[in-house]
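Chemist: Predicted structure and sequence below. I'll ask about it afterward.
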Amino acid sequence: MKYSLSSATPANLSTDCLVVPVTDKTHLTAGGKQLDAASNKALSKILHSGDLAEAQASTLLLHGIEGIKAKRVLLVNCGEAGKLDGRNMRKALQGAMKVVAGLKARNVHFLLTEASLSDQDGSWLVSQTVQQVEDSLYCYDATKSKKAPKPALKEVGLTLPETTGRAAASSAIKQGKAISAGVNVARELGNLPGNVCTPSYLAGQCKKLAEQHSSIKTQVLGEKQMQRLGMGSLLSVSAGSDQEAKLIVVQYQGSKKANSRPYVLVGKGITFDTGGISLKPGAAMDEMKFDMCGAASVVGALTSVARLQLPVNVIGIIPSAENMPGGRATKPGDVVTSMSGKTIEILNTDAEGRLILCDALTYAERFKPRTVIDIATLTGAAVATFGNVVSALLANDQSLADELMSCGKQALDPAWQLPLWEEYQPLLDSNFADIANIGGPRAGTITAACFLSRFTEKFKWAHLDIAGSAWNSGKEKGATGRPVSLLVNYLCQQQA
(Lines give C-alpha, C1' and ligand atoms only; values in the text may rest on other atoms or scores of the structure.)
Protein backbone atom coordinates (compact mmCIF):
# COMPACT_ATOMS: atom_id res chain seq x y z
CA MET A 1 0.00 0.00 0.00
CA LYS A 2 1.28 3.46 -0.91
CA TYR A 3 0.80 6.22 1.68
CA SER A 4 1.22 9.94 1.06
CA LEU A 5 0.84 13.19 2.98
CA SER A 6 -1.03 16.20 1.64
CA SER A 7 -1.60 19.81 2.65
CA ALA A 8 -3.94 20.56 -0.26
CA THR A 9 -7.24 22.36 0.27
CA PRO A 10 -9.73 19.59 1.19
CA ALA A 11 -12.21 20.51 -1.55
CA ASN A 12 -9.45 20.16 -4.17
CA LEU A 13 -8.42 16.65 -3.14
CA SER A 14 -8.97 14.35 -6.08
CA THR A 15 -9.74 10.97 -4.52
CA ASP A 16 -12.23 8.14 -4.84
CA CYS A 17 -13.28 8.55 -1.21
CA LEU A 18 -12.67 11.36 1.27
CA VAL A 19 -13.13 10.32 4.93
CA VAL A 20 -14.36 13.17 7.13
CA PRO A 21 -14.64 12.87 10.94
CA VAL A 22 -17.76 14.23 12.64
CA THR A 23 -18.19 14.81 16.39
CA ASP A 24 -21.21 15.62 18.55
CA LYS A 25 -23.56 14.38 15.78
CA THR A 26 -23.23 17.49 13.62
CA HIS A 27 -19.85 19.09 14.34
CA LEU A 28 -17.35 19.11 11.47
CA THR A 29 -13.62 19.40 12.03
CA ALA A 30 -11.68 22.34 10.56
CA GLY A 31 -11.10 20.49 7.31
CA GLY A 32 -14.74 19.43 7.21
CA LYS A 33 -15.83 23.05 7.58
CA GLN A 34 -13.74 23.98 4.56
CA LEU A 35 -15.50 21.25 2.61
CA ASP A 36 -18.84 22.48 3.86
CA ALA A 37 -18.11 26.01 2.67
CA ALA A 38 -17.00 24.75 -0.75
CA SER A 39 -20.19 22.70 -1.10
CA ASN A 40 -22.54 25.56 -0.18
CA LYS A 41 -23.26 24.06 3.24
CA ALA A 42 -24.31 20.71 1.75
CA LEU A 43 -22.55 18.69 4.46
CA SER A 44 -23.98 20.62 7.41
CA LYS A 45 -27.48 20.41 5.90
CA ILE A 46 -27.17 16.63 5.61
CA LEU A 47 -25.85 16.33 9.16
CA HIS A 48 -28.63 18.45 10.63
CA SER A 49 -31.18 16.31 8.81
CA GLY A 50 -30.18 13.44 11.09
CA ASP A 51 -29.14 11.04 8.32
CA LEU A 52 -25.89 10.17 10.11
CA ALA A 53 -26.83 7.70 12.84
CA GLU A 54 -26.06 8.63 16.44
CA ALA A 55 -24.12 5.44 17.20
CA GLN A 56 -20.38 5.85 17.39
CA ALA A 57 -18.54 4.71 14.23
CA SER A 58 -21.70 5.11 12.15
CA THR A 59 -21.04 6.23 8.61
CA LEU A 60 -22.84 8.05 5.81
CA LEU A 61 -21.56 7.74 2.25
CA LEU A 62 -22.26 10.66 -0.09
CA HIS A 63 -21.70 10.76 -3.85
CA GLY A 64 -20.93 13.64 -6.18
CA ILE A 65 -21.13 16.61 -3.80
CA GLU A 66 -21.00 19.78 -5.86
CA GLY A 67 -17.93 21.90 -5.13
CA ILE A 68 -15.88 18.93 -3.89
CA LYS A 69 -13.54 17.06 -6.24
CA ALA A 70 -13.69 13.79 -4.31
CA LYS A 71 -16.00 11.24 -5.94
CA ARG A 72 -17.34 10.21 -2.54
CA VAL A 73 -17.42 11.77 0.91
CA LEU A 74 -17.65 9.39 3.87
CA LEU A 75 -18.88 11.03 7.06
CA VAL A 76 -17.84 9.11 10.19
CA ASN A 77 -19.39 9.64 13.61
CA CYS A 78 -16.53 9.80 16.12
CA GLY A 79 -18.84 10.40 19.10
CA GLU A 80 -18.61 13.22 21.62
CA ALA A 81 -15.69 15.58 21.12
CA GLY A 82 -15.06 15.71 24.86
CA LYS A 83 -14.72 11.93 24.98
CA LEU A 84 -12.66 11.49 21.81
CA ASP A 85 -9.75 9.31 22.88
CA GLY A 86 -7.64 6.71 21.12
CA ARG A 87 -10.09 3.85 21.61
CA ASN A 88 -13.04 5.81 20.24
CA MET A 89 -11.01 7.07 17.31
CA ARG A 90 -9.95 3.53 16.47
CA LYS A 91 -13.61 2.47 16.44
CA ALA A 92 -14.36 5.31 14.02
CA LEU A 93 -11.46 4.30 11.76
CA GLN A 94 -12.63 0.69 11.80
CA GLY A 95 -16.14 1.80 10.86
CA ALA A 96 -14.78 3.86 7.99
CA MET A 97 -12.61 1.04 6.65
CA LYS A 98 -15.52 -1.42 6.65
CA VAL A 99 -17.18 0.87 4.13
CA VAL A 100 -14.03 1.67 2.14
CA ALA A 101 -13.06 -2.01 1.87
CA GLY A 102 -16.42 -2.70 0.25
CA LEU A 103 -16.00 -0.02 -2.39
CA LYS A 104 -14.13 -0.33 -5.66
CA ALA A 105 -12.09 2.69 -4.67
CA ARG A 106 -8.45 2.68 -5.76
CA ASN A 107 -7.55 5.45 -3.35
CA VAL A 108 -8.89 6.96 -0.15
CA HIS A 109 -7.97 10.11 1.75
CA PHE A 110 -8.36 10.65 5.50
CA LEU A 111 -9.01 14.24 6.55
CA LEU A 112 -7.35 14.28 9.96
CA THR A 113 -6.89 18.03 10.27
CA GLU A 114 -8.46 18.39 13.70
CA ALA A 115 -8.84 15.05 15.36
CA SER A 116 -7.93 16.22 18.84
CA LEU A 117 -7.56 13.16 21.07
CA SER A 118 -7.45 13.37 24.84
CA ASP A 119 -4.76 10.71 25.27
CA GLN A 120 -2.75 10.48 22.03
CA ASP A 121 -0.83 12.78 19.69
CA GLY A 122 -0.95 13.27 15.94
CA SER A 123 1.79 10.74 15.21
CA TRP A 124 -0.18 8.07 17.04
CA LEU A 125 -3.24 8.92 14.94
CA VAL A 126 -1.26 8.54 11.72
CA SER A 127 0.18 5.19 12.80
CA GLN A 128 -3.21 3.94 13.95
CA THR A 129 -4.86 4.98 10.67
CA VAL A 130 -2.27 2.99 8.74
CA GLN A 131 -2.80 -0.02 11.02
CA GLN A 132 -6.57 0.05 10.54
CA VAL A 133 -6.20 0.28 6.76
CA GLU A 134 -3.85 -2.72 6.70
CA ASP A 135 -5.99 -4.68 9.16
CA SER A 136 -9.13 -4.22 7.07
CA LEU A 137 -7.42 -5.61 3.98
CA TYR A 138 -6.20 -8.84 5.60
CA CYS A 139 -8.04 -11.91 4.31
CA TYR A 140 -7.20 -15.54 5.03
CA ASP A 141 -7.37 -17.78 1.98
CA ALA A 142 -4.24 -19.94 2.28
CA THR A 143 -6.21 -23.18 2.43
CA LYS A 144 -9.11 -22.19 0.16
CA SER A 145 -9.31 -23.36 -3.45
CA LYS A 146 -10.78 -20.03 -4.52
CA LYS A 147 -8.55 -17.13 -3.59
CA ALA A 148 -9.94 -13.79 -2.48
CA PRO A 149 -9.80 -11.04 -5.09
CA LYS A 150 -7.00 -8.56 -4.58
CA PRO A 151 -8.16 -5.35 -2.87
CA ALA A 152 -8.94 -2.47 -5.20
CA LEU A 153 -7.41 0.00 -2.74
CA LYS A 154 -3.84 0.94 -3.71
CA GLU A 155 -3.22 4.42 -2.31
CA VAL A 156 -4.01 6.14 0.98
CA GLY A 157 -3.65 9.88 1.51
CA LEU A 158 -3.52 11.69 4.84
CA THR A 159 -4.15 15.31 5.73
CA LEU A 160 -2.63 15.79 9.17
CA PRO A 161 -3.29 17.84 12.26
CA GLU A 162 -1.30 21.08 12.04
CA THR A 163 0.67 20.08 15.14
CA THR A 164 2.12 16.99 13.42
CA GLY A 165 5.25 17.62 11.35
CA ARG A 166 5.90 15.75 8.12
CA ALA A 167 8.99 14.01 9.48
CA ALA A 168 7.08 12.70 12.50
CA ALA A 169 4.18 11.67 10.25
CA SER A 170 6.48 9.82 7.84
CA SER A 171 8.03 7.96 10.77
CA ALA A 172 4.56 7.11 12.07
CA ILE A 173 3.56 5.71 8.67
CA LYS A 174 6.65 3.48 8.68
CA GLN A 175 5.86 2.32 12.20
CA GLY A 176 2.21 1.63 11.37
CA LYS A 177 3.15 -0.43 8.32
CA ALA A 178 5.75 -2.42 10.26
CA ILE A 179 3.40 -3.18 13.14
CA SER A 180 0.65 -4.20 10.71
CA ALA A 181 3.04 -6.51 8.89
CA GLY A 182 3.90 -8.21 12.16
CA VAL A 183 0.28 -8.47 13.26
CA ASN A 184 -0.73 -10.03 9.95
CA VAL A 185 2.16 -12.52 10.09
CA ALA A 186 0.92 -13.59 13.52
CA ARG A 187 -2.67 -13.82 12.28
CA GLU A 188 -1.72 -15.90 9.27
CA LEU A 189 0.32 -18.36 11.34
CA GLY A 190 -2.48 -18.64 13.89
CA ASN A 191 -5.15 -19.22 11.26
CA LEU A 192 -3.29 -22.04 9.50
CA PRO A 193 -4.58 -25.52 10.40
CA GLY A 194 -2.56 -27.87 12.57
CA ASN A 195 -1.79 -30.23 9.69
CA VAL A 196 0.00 -27.36 7.94
CA CYS A 197 1.45 -25.31 10.77
CA THR A 198 3.51 -27.96 12.56
CA PRO A 199 6.63 -27.35 14.68
CA SER A 200 8.73 -27.96 11.55
CA TYR A 201 6.63 -25.46 9.58
CA LEU A 202 7.10 -22.81 12.29
CA ALA A 203 10.83 -23.45 12.17
CA GLY A 204 10.79 -23.07 8.39
CA GLN A 205 8.99 -19.73 8.63
CA CYS A 206 11.59 -18.46 11.07
CA LYS A 207 14.36 -19.53 8.69
CA LYS A 208 12.63 -17.62 5.89
CA LEU A 209 12.53 -14.55 8.16
CA ALA A 210 16.31 -14.81 8.49
CA GLU A 211 16.64 -15.07 4.71
CA GLN A 212 14.62 -11.85 4.31
CA HIS A 213 16.59 -9.81 6.87
CA SER A 214 20.36 -9.78 7.26
CA SER A 215 19.90 -8.61 10.85
CA ILE A 216 18.27 -11.93 11.80
CA LYS A 217 19.77 -15.37 12.37
CA THR A 218 17.70 -18.47 13.10
CA GLN A 219 18.82 -21.66 14.83
CA VAL A 220 16.58 -24.72 15.19
CA LEU A 221 17.23 -27.41 17.81
CA GLY A 222 15.77 -30.90 17.36
CA GLU A 223 14.80 -33.44 20.00
CA LYS A 224 18.26 -35.05 20.24
CA GLN A 225 19.82 -31.66 20.95
CA MET A 226 17.13 -30.92 23.53
CA GLN A 227 17.77 -34.29 25.19
CA ARG A 228 21.45 -33.40 25.53
CA LEU A 229 20.43 -30.10 27.15
CA GLY A 230 18.22 -31.95 29.62
CA MET A 231 14.89 -30.52 28.44
CA GLY A 232 12.84 -33.37 29.85
CA SER A 233 9.87 -31.14 30.56
CA LEU A 234 9.52 -29.87 26.98
CA LEU A 235 10.09 -33.32 25.48
CA SER A 236 7.43 -34.87 27.73
CA VAL A 237 4.82 -32.89 25.81
CA SER A 238 5.83 -34.10 22.34
CA ALA A 239 6.25 -37.75 23.42
CA GLY A 240 2.84 -38.82 22.07
CA SER A 241 3.16 -37.09 18.69
CA ASP A 242 4.72 -38.17 15.42
CA GLN A 243 5.74 -34.53 14.90
CA GLU A 244 9.21 -33.78 16.26
CA ALA A 245 9.42 -30.96 18.76
CA LYS A 246 11.56 -27.95 17.86
CA LEU A 247 13.25 -25.25 19.88
CA ILE A 248 13.50 -22.25 17.57
CA VAL A 249 15.90 -19.43 18.42
CA VAL A 250 15.62 -16.23 16.35
CA GLN A 251 18.28 -13.59 17.02
CA TYR A 252 17.86 -9.99 15.84
CA GLN A 253 21.04 -7.89 16.01
CA GLY A 254 20.15 -4.20 15.89
CA SER A 255 22.55 -2.65 18.36
CA LYS A 256 25.93 -1.34 17.26
CA LYS A 257 27.26 -1.66 20.81
CA ALA A 258 29.42 -4.68 21.45
CA ASN A 259 27.92 -7.18 23.89
CA SER A 260 24.65 -5.25 24.24
CA ARG A 261 22.36 -7.44 26.34
CA PRO A 262 19.21 -8.56 24.50
CA TYR A 263 15.51 -8.42 25.22
CA VAL A 264 14.09 -11.95 25.05
CA LEU A 265 10.61 -12.97 23.90
CA VAL A 266 9.51 -16.55 24.62
CA GLY A 267 6.44 -17.78 22.74
CA LYS A 268 4.41 -20.91 23.44
CA GLY A 269 4.27 -22.92 20.22
CA ILE A 270 1.83 -25.80 20.75
CA THR A 271 0.74 -26.24 17.14
CA PHE A 272 -2.18 -28.43 18.20
CA ASP A 273 -3.38 -29.28 21.68
CA THR A 274 -5.62 -32.29 22.22
CA GLY A 275 -4.87 -32.18 25.93
CA GLY A 276 -2.85 -35.39 25.60
CA ILE A 277 -3.98 -38.23 27.85
CA SER A 278 -6.03 -35.64 29.78
CA LEU A 279 -8.09 -35.34 26.60
CA LYS A 280 -10.09 -32.18 25.97
CA PRO A 281 -13.82 -32.30 25.12
CA GLY A 282 -14.46 -32.53 21.39
CA ALA A 283 -16.54 -29.35 21.14
CA ALA A 284 -14.47 -26.49 19.71
CA MET A 285 -11.28 -28.55 19.83
CA ASP A 286 -10.54 -27.23 16.33
CA GLU A 287 -9.67 -23.94 18.00
CA MET A 288 -6.67 -25.61 19.60
CA LYS A 289 -4.75 -24.85 16.40
CA PHE A 290 -4.55 -21.37 17.96
CA ASP A 291 -2.48 -22.71 20.86
CA MET A 292 0.66 -21.51 19.08
CA CYS A 293 -0.41 -17.87 18.98
CA GLY A 294 2.23 -16.97 21.56
CA ALA A 295 4.86 -18.26 19.15
CA ALA A 296 3.12 -16.47 16.28
CA SER A 297 3.26 -13.18 18.19
CA VAL A 298 7.03 -13.59 18.66
CA VAL A 299 7.52 -14.18 14.93
CA GLY A 300 5.26 -11.20 14.22
CA ALA A 301 7.08 -8.92 16.66
CA LEU A 302 10.47 -9.84 15.19
CA THR A 303 9.10 -9.14 11.71
CA SER A 304 8.12 -5.64 12.84
CA VAL A 305 11.41 -5.06 14.67
CA ALA A 306 13.45 -6.03 11.61
CA ARG A 307 11.41 -3.75 9.35
CA LEU A 308 11.84 -0.85 11.76
CA GLN A 309 15.56 -1.64 12.17
CA LEU A 310 15.33 -0.92 15.90
CA PRO A 311 18.75 -0.26 17.49
CA VAL A 312 18.38 -3.02 20.10
CA ASN A 313 19.06 -6.74 20.27
CA VAL A 314 16.05 -9.04 20.50
CA ILE A 315 15.96 -12.82 20.80
CA GLY A 316 12.86 -14.89 20.17
CA ILE A 317 12.75 -18.36 21.72
CA ILE A 318 9.93 -20.62 20.52
CA PRO A 319 9.47 -24.04 22.12
CA SER A 320 7.16 -25.87 19.72
CA ALA A 321 5.43 -29.24 19.91
CA GLU A 322 2.15 -31.07 19.38
CA ASN A 323 0.31 -32.37 22.44
CA MET A 324 -1.19 -35.71 21.38
CA PRO A 325 -2.37 -38.92 23.08
CA GLY A 326 -0.51 -42.08 22.09
CA GLY A 327 1.31 -45.14 23.34
CA ARG A 328 4.35 -43.09 24.27
CA ALA A 329 2.46 -40.08 25.57
CA THR A 330 3.15 -38.71 29.03
CA LYS A 331 0.65 -39.95 31.62
CA PRO A 332 -0.89 -38.10 34.59
CA GLY A 333 1.31 -38.84 37.59
CA ASP A 334 4.53 -39.06 35.56
CA VAL A 335 7.53 -37.18 36.94
CA VAL A 336 9.96 -35.47 34.56
CA THR A 337 13.16 -33.49 35.04
CA SER A 338 13.37 -30.00 33.56
CA MET A 339 16.49 -28.36 32.11
CA SER A 340 16.88 -26.46 35.39
CA GLY A 341 17.13 -29.75 37.29
CA LYS A 342 13.80 -29.25 39.02
CA THR A 343 11.49 -32.27 38.91
CA ILE A 344 7.85 -31.85 37.89
CA GLU A 345 4.87 -34.07 38.67
CA ILE A 346 2.51 -33.88 35.71
CA LEU A 347 -0.94 -34.09 37.25
CA ASN A 348 -2.68 -32.95 34.07
CA THR A 349 -1.20 -33.35 30.60
CA ASP A 350 -3.47 -30.57 29.35
CA ALA A 351 -1.38 -28.10 31.37
CA GLU A 352 1.37 -28.56 28.79
CA GLY A 353 2.18 -24.97 27.87
CA ARG A 354 4.04 -24.31 31.10
CA LEU A 355 6.00 -27.55 30.57
CA ILE A 356 7.52 -26.33 27.32
CA LEU A 357 7.91 -22.75 28.51
CA CYS A 358 9.87 -23.61 31.66
CA ASP A 359 12.68 -25.23 29.68
CA ALA A 360 12.70 -22.34 27.22
CA LEU A 361 12.94 -19.88 30.12
CA THR A 362 15.91 -21.78 31.55
CA TYR A 363 17.51 -21.75 28.09
CA ALA A 364 17.06 -17.95 27.99
CA GLU A 365 19.51 -17.56 30.91
CA ARG A 366 22.50 -18.12 28.60
CA PHE A 367 21.79 -14.84 26.78
CA LYS A 368 22.06 -12.74 29.98
CA PRO A 369 18.85 -10.91 29.03
CA ARG A 370 17.84 -7.43 30.10
CA THR A 371 14.26 -8.63 30.36
CA VAL A 372 12.32 -11.76 29.40
CA ILE A 373 8.67 -11.71 28.35
CA ASP A 374 6.84 -14.95 27.70
CA ILE A 375 3.64 -14.96 25.68
CA ALA A 376 1.27 -17.91 25.88
CA THR A 377 -2.31 -19.04 25.37
CA LEU A 378 -1.99 -20.63 28.78
CA THR A 379 -5.19 -20.83 30.83
CA GLY A 380 -8.95 -20.93 30.43
CA ALA A 381 -9.04 -18.97 33.68
CA ALA A 382 -7.65 -15.94 31.81
CA VAL A 383 -10.57 -16.16 29.38
CA ALA A 384 -13.04 -16.42 32.26
CA THR A 385 -11.48 -13.41 33.97
CA PHE A 386 -10.86 -11.01 31.07
CA GLY A 387 -12.78 -12.35 28.07
CA ASN A 388 -11.10 -11.23 24.85
CA VAL A 389 -10.54 -7.61 25.92
CA VAL A 390 -7.24 -7.67 27.80
CA SER A 391 -4.30 -10.01 28.22
CA ALA A 392 -3.41 -11.17 31.72
CA LEU A 393 -0.06 -9.91 32.99
CA LEU A 394 2.06 -11.22 35.86
CA ALA A 395 5.68 -10.34 36.61
CA ASN A 396 8.52 -10.67 39.09
CA ASP A 397 9.53 -7.03 38.46
CA GLN A 398 7.02 -4.23 39.01
CA SER A 399 8.78 -1.68 36.80
CA LEU A 400 8.59 -4.11 33.87
CA ALA A 401 4.90 -4.79 34.58
CA ASP A 402 4.15 -1.05 34.72
CA GLU A 403 5.97 -0.45 31.46
CA LEU A 404 4.10 -3.22 29.67
CA MET A 405 0.74 -1.97 30.90
CA SER A 406 1.60 1.54 29.72
CA CYS A 407 2.74 0.27 26.31
CA GLY A 408 -0.40 -1.82 25.97
CA LYS A 409 -2.60 1.15 26.76
CA GLN A 410 -0.85 3.30 24.15
CA ALA A 411 -0.98 0.55 21.53
CA LEU A 412 -4.66 -0.21 22.30
CA ASP A 413 -3.50 -3.76 23.02
CA PRO A 414 -4.13 -3.71 26.77
CA ALA A 415 -2.85 -5.98 29.53
CA TRP A 416 -3.90 -6.03 33.18
CA GLN A 417 -1.80 -7.20 36.09
CA LEU A 418 -2.72 -10.02 38.45
CA PRO A 419 -0.87 -10.69 41.74
CA LEU A 420 2.08 -13.06 41.82
CA TRP A 421 2.13 -13.51 45.59
CA GLU A 422 3.95 -16.11 47.67
CA GLU A 423 0.63 -17.18 49.20
CA TYR A 424 -0.26 -18.90 45.91
CA GLN A 425 2.98 -20.89 45.58
CA PRO A 426 2.05 -23.72 48.04
CA LEU A 427 -0.80 -24.71 45.71
CA LEU A 428 1.89 -26.23 43.48
CA ASP A 429 3.34 -28.47 46.19
CA SER A 430 3.81 -32.12 45.21
CA ASN A 431 4.34 -35.25 47.34
CA PHE A 432 6.47 -36.82 44.61
CA ALA A 433 8.42 -34.02 42.88
CA ASP A 434 9.77 -30.52 43.41
CA ILE A 435 6.66 -29.00 41.89
CA ALA A 436 3.30 -30.03 40.42
CA ASN A 437 2.26 -28.69 37.03
CA ILE A 438 -1.20 -27.55 38.20
CA GLY A 439 -2.40 -25.88 41.35
CA GLY A 440 -6.01 -26.99 41.56
CA PRO A 441 -9.27 -25.43 40.37
CA ARG A 442 -8.77 -21.95 41.84
CA ALA A 443 -6.63 -19.02 40.65
CA GLY A 444 -5.61 -20.95 37.54
CA THR A 445 -3.96 -18.04 35.74
CA ILE A 446 -2.00 -17.06 38.83
CA THR A 447 -0.80 -20.55 39.72
CA ALA A 448 0.30 -21.11 36.11
CA ALA A 449 2.44 -17.99 36.39
CA CYS A 450 3.67 -19.15 39.81
CA PHE A 451 4.90 -22.32 38.12
CA LEU A 452 6.80 -20.32 35.49
CA SER A 453 8.23 -17.98 38.11
CA ARG A 454 10.17 -20.91 39.59
CA PHE A 455 12.30 -20.81 36.41
CA THR A 456 12.84 -17.02 36.19
CA GLU A 457 14.81 -16.22 39.32
CA LYS A 458 17.88 -15.01 37.40
CA PHE A 459 16.26 -12.24 35.31
CA LYS A 460 13.49 -9.67 35.12
CA TRP A 461 10.46 -11.48 33.74
CA ALA A 462 6.87 -10.86 32.72
CA HIS A 463 4.23 -13.33 31.59
CA LEU A 464 1.40 -12.49 29.20
CA ASP A 465 -1.49 -14.98 29.18
CA ILE A 466 -3.23 -14.32 25.86
CA ALA A 467 -5.71 -17.21 25.94
CA GLY A 468 -8.58 -14.73 25.66
CA SER A 469 -7.03 -12.07 23.44
CA ALA A 470 -5.19 -14.18 20.84
CA TRP A 471 -8.24 -15.25 18.84
CA ASN A 472 -11.96 -14.74 18.36
CA SER A 473 -14.48 -17.57 18.49
CA GLY A 474 -17.85 -17.91 16.79
CA LYS A 475 -18.80 -16.32 13.49
CA GLU A 476 -15.72 -14.07 13.48
CA LYS A 477 -13.40 -16.95 14.37
CA GLY A 478 -9.77 -16.21 13.68
CA ALA A 479 -6.44 -15.11 15.13
CA THR A 480 -6.16 -11.46 16.23
CA GLY A 481 -2.38 -11.01 16.03
CA ARG A 482 -2.24 -9.81 19.63
CA PRO A 483 -0.11 -8.87 21.47
CA VAL A 484 2.29 -7.92 18.63
CA SER A 485 1.37 -4.22 18.94
CA LEU A 486 2.12 -4.21 22.67
CA LEU A 487 5.43 -6.02 22.22
CA VAL A 488 6.63 -3.76 19.40
CA ASN A 489 5.62 -0.65 21.31
CA TYR A 490 7.64 -1.91 24.29
CA LEU A 491 10.71 -2.67 22.17
CA CYS A 492 10.51 0.71 20.42
CA GLN A 493 10.97 2.38 23.78
CA GLN A 494 14.02 0.37 24.87
CA GLN A 495 17.69 1.25 24.63
CA ALA A 496 20.64 -0.86 23.59
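Modeler: That came through, no problem.
Chemist: what about S49, how many neighbours?
Modeler: Neighbours of S49 under the rule other CB atoms under 10 Å: 9. Heads up, the C-betas are built off the backbone N, CA and C, glycines and all.
Chemist: Distance of it relative to L60?
Modeler: 10 Å (CB to CB, to the nearest Å).
Chemist: And for S241?
Modeler: S241 sits 54 Å away from L60, going by CB to CB.
Chemist: the more surrounded of the two?
Modeler: The neighbour count for S241 versus L60, taken as other CB under 10 Å, is higher for S241 (22 against 18).
Chemist: Run through the neighbouring helices and strands of the helix or strand where A167 lies.
Modeler: Using DSSP states H and E, A167 maps to helix 166-191. If contacts are counted by 3 or more CB pairs under 8 Å, 6 or more residues apart in numbering; DSSP states H and E, helix 166-191 sits against strand 2-5, helix 122-137, helix 293-308, strand 478-479, helix 484-492.
Chemist: Going by neighbour count, list what's buried in the third one.
Modeler: By neighbour count, and taking 16 or more other CB atoms under 10 Å as the criterion, the buried residues in helix 293-308 are 293-308.
Chemist: and the next helix-or-strand element following that helix, which strands flank it?
Modeler: Note on helix 293-308: by DSSP H and E, the next helix or strand toward the C-terminus is strand 313-323. Partners of strand 313-323 in the sheet, by DSSP bridges, are strand 246-253 (antiparallel), strand 263-267 (parallel), strand 269-273 (parallel).
Chemist: ok and the second one relative to helix 166-191, angle-wise?
Modeler: By that I understand strand 263-267. Angle of strand 263-267 versus helix 166-191, following axes from the mean of the first three to the mean of the last three CA atoms, to 10 degrees, is 30 degrees.
Chemist: circling back: which one, of the strands paired with strand 313-323, ends up nearest to E423?
Modeler: Ranking these by proximity to E423 (CB to CB) places strand 263-267 first, at 25.9 Å.
Chemist: what's that closest one in contact with?
Modeler: Here strand 263-267 makes contact (CB atoms under 8 Å, 6 or more residues apart in numbering) with 292, 294-299, 301-302, 312-319, 357, 360-361, 364, 367, 369-376, 487, 491, 494.
Chemist: Derive a ChimeraX selection command for the buried subset of those residues.
Modeler: Here is the ChimeraX selection string for the buried members of these, based on 16+ other CB under 10 Å:
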select :292,294,295,296,297,298,299,301,302,312,313,314,315,316,317,318,319,357,360,361,364,367,369,370,371,372,373,374,375,376,487,491
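Chemist: Please name the residues that touch the closest residue to T164 other than its chain neighbours.
Modeler: Excluding its sequence neighbours, the residue lying closest to T164 (CB to CB, 6 or more residues apart in numbering) is G122, at 3.1 Å. Contacts of G122 were listed using CB under 8 Å, 6+ apart, and they are 112, 160-161, 163-164, 168-169.
Chemist: cool, and A53?
Modeler: Applying CB under 8 Å, 6+ apart to A53 gives the contacts 60, 77.
Chemist: how close does it sit to S4?
Modeler: Applying CB to CB to A53 and S4 gives a distance of 31 Å.
Chemist: Then L464?
Modeler: For L464, the distance to S4 - CB to CB - is 36 Å.
Chemist: next one: L160
Modeler: Distance check for L160 against S4: by CB to CB, it reads 11 Å.
Chemist: Have a look at these two and say which one is more surrounded.
Modeler: The neighbour comparison of L160 against S4 (other CB under 10 Å) goes to L160, with 24 against 12.
Chemist: pLDDT value on the more buried one, please?
Modeler: Reported pLDDT at L160 in the predicted model: 81.
Chemist: mind listing what it touches?
Modeler: The neighbourhood of L160, defined by CB under 8 Å, 6+ apart, consists of 5, 112-113, 122, 126, 166, 169.
Chemist: cool, A448 as well?
Modeler: Neighbour list for A448: 351, 353-354, 378-379, 381, 439, 465 [criterion: CB under 8 Å, 6+ apart].
Chemist: The residues you listed into CSV, with extra columns for distance to K280?
Modeler: Shown next, in CSV, are the contacts of A448 (distance: CB to CB, whole Å):
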residue, distance to K280
A351, 12
G353, 13
R354, 16
L378, 15
T379, 14
A381, 15
G439, 19
D465, 18
